[in-house]
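Novice: give me a 3D structure for the following:
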Amino acid sequence: MSIPAVLGVSGIRPKIVDQAEVPIIVDGTEGRVILWPDEETLQRYRRKCEESERQELQLLETSLLAAVSKDGVEVKVMANIDLPEEIGEAQRFGAAGVGLYRSEFLYIEKSPEMPTEEEHLAIYRHLIEASAPHPAIIRTYDLGGRKIAREVMETREANPVLGLRGIRLTLARPDIFRTQVRALIRATVFGELWIMLPMVTIVEEIRQFRAFCEEVMAELEEEEIPFSRDFKLGSMVEVPATAMITDILAREVDFFSIGTNDLIQYSLAVDRNNEHVSDLYRPLHPAILRMLTQVIGNGRAAGLEVSLCGEMGADPELTPVLLGAGLRRVSVSPRQVATIKRRIRELHVEGLDRLVRDCATLSTGEEVREFLSQHLGPAGVVGLGANVD
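Specialist: As a prediction, the model looks like this:
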């Protein structure tokens, strides 16, 4: 939403409470909050704002170009969308379609009422048509956990993050979620739709959802409502157990999308929003690199598209690692699309796979980061035999 944010600033509230006016600089890039800045600091940040605007204009020029590496490897850079209004920003920065629409935000906007089928359909049509000729990947409600849906939850849970959430909740309450599934299937007539299921952990969940879709399609046929069976069904990979069986899940789905935010948290048992342990949230942990390589390898071996829609994909410093792991489709916030496209265009992909394999043999995330700093130059691998300009 283009709003700078800094989290975990302890002790700030007493400094600003009961003050009529407190001038504040929020620097979301460096993670700094400055109260009562002096004139010199204000001028410095005004210059930074001007420089940021110039950089954005340069990024807009990149947005018109394809995300193709120096050695000809194309990567699809898509956009994560919370609100339909963001699709304009995604188009502005050159996104190759919608890589994740978090449909639960429609529910959150309408709460305590449930969205109607026509409200669902109107938004899905808008996203699909705006994404053309690229796909729109729409995730079914990821409710439960921290996003408690009181209208559809029948019990209170002691540990909701590991409870009835995501696809589990959808399958447990088909009477509630039939509205969304009907709208999704009806939306298939407007273009290329990929339906993505959150929090999948077992094969049976995919099979049950397919059976649910068949029921809905039979209803629509009986009602003579048009739809197409030509849509893709995919699974989020955000639980370690799911990552370990992607070779099996690949027989059941049409694509994978790696949700690194939860995958890293569940794998490392770390809440990244908890300031006491957030330093243990390490995307470059060797276990995470091994998991990513395995998931992407299993998907590609089965001929499936594999995308990544977590924040790991939005960090240009990690782009070489993801490409080395075999990733060729990534979805980020709209304003990061052009940044990631530019980073891809700077790189040679050749040799990055070997670099990632070597990283996965190291002991710690810090060792991985040091190894990357030694062997990764601005344009790709240095010192491992790759030819770079």
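
Novice: which strand or helix spans Ile25?
Specialist: In this structure, Ile25 sits in strand 24-27 according to DSSP states H and E.

Novice: okay, and the closest residue to Leu83 other than its chain neighbours sits in which element?
Specialist: Nearest non-adjacent residue to Leu83, counting by C-beta to C-beta, 6 or more residues apart in numbering: Phe105, 6.2 Å away. C-betas here are computed from N, CA, C, even on glycine. Using DSSP H and E, Phe105 falls within helix 104-110.

Novice: could you count how many residues lie near Val270?
Specialist: Applying other C-beta atoms under 10 Å, we find 17 residues neighbouring Val270.

Novice: next up, the contacts around it.
Specialist: Val270 is in contact with Ile264, Val277, Ser278, Leu280, Tyr281, counting by C-beta atoms under 8 Å, 6 or more residues apart in numbering.

Novice: rerun at 10 Å
Specialist: Ile264, Val277, Ser278, Asp279, Leu280, Tyr281, Arg282, His285 (C-beta atoms under 10 Å, 6 or more residues apart in numbering).

Novice: between those residues, which has the most around it?
Specialist: Neighbour counts for the contacts of Val270 peak at Ile264, which has 24 neighbours (criterion: other C-beta under 10 Å).

Novice: pLDDT value on it, please?
Specialist: The per-residue pLDDT reported for Ile264 equals 96.

Novice: and it, that's in a helix?
Specialist: Yes. Checked against DSSP: H, G, I helix; E, B strand; the rest coil, Ile264 lies within a helix.

Novice: quick one on the thing from earlier: contact partners of the strand holding Ile25?
Specialist: Contacts to strand 24-27, defined as C-beta under 10 Å, 6+ apart, come from residues 3-6, 9, 12, 15-16, 32-37, 41-42, 44-45, 48.

Novice: go again with 7 Å.
Specialist: With contact meaning C-beta atoms under 7 Å, 6 or more residues apart in numbering, strand 24-27 is reached by Pro4, Val6, Val33, Ile34, Leu35, Pro37, Tyr45.

Novice: relative to Val337, how far out is the first one?
Specialist: Counting by C-beta to C-beta, to the nearest Å, the gap from Pro4 to Val337 is 18 Å.

Novice: which one's more surrounded, the two?
Specialist: Val337 (30 against 10).

Novice: residues contacting that one?
Specialist: Contacts of Val337 were listed using C-beta under 7 Å, 6+ apart, and they are Ser63, Val77, Ala79, Ala90, Phe93, Gly94, Ala95.

Novice: now for the residues you listed: which two are most distant?
Specialist: Across those, no pair lies farther apart than Ser63 and Ala79, at 11.3 Å, counting by C-beta to C-beta.

Novice: okay, these two: which has more neighbours?
Specialist: Counted by other C-beta under 10 Å, Ser63 and Ala79 do not tie: Ala79 has more neighbours, with 30 against 18.

Novice: so that one, which state does it fall into?
Specialist: Per three-state DSSP, Ala79 ends up strand.

Novice: which residues touch it?
Specialist: By C-beta under 7 Å, 6+ apart, Ala79 lies in contact with Ala90, Ala95, Val98, Gly99, Ser331, Val332, Pro334, Val337.

Novice: again, 6 Å this time
Specialist: Contact analysis of Ala79 by C-beta atoms under 6 Å, 6 or more residues apart in numbering lists Ala90, Ala95, Val98, Pro334, Val337.

Novice: over to Gly72?
Specialist: Not one residue lies near Gly72 by C-beta under 6 Å, 6+ apart.

Novice: any weak-confidence spans in the stretch 1-150 of the chain?
Specialist: Applying pLDDT under 70 to the stretch 1-150 of the chain picks out residues 1, 18-19, 145-150.

Novice: just the strands in it please.
Specialist: Taking DSSP state E, counting those that start in this stretch as the test, the strands found in the stretch 1-150 of the chain are 24-27, 32-35, 76-81, 98-102, 136-139.

Novice: could I get the ones you listed as a markdown table with distance to Pro316?
Specialist: Putting those into a markdown table (distance: least, C-beta to C-beta, whole Å) gives the following:
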| stretch | distance to Pro316 |
| --- | --- |
| strand 24-27 | 19 |
| strand 32-35 | 21 |
| strand 76-81 | 11 |
| strand 98-102 | 17 |
| strand 136-139 | 22 |
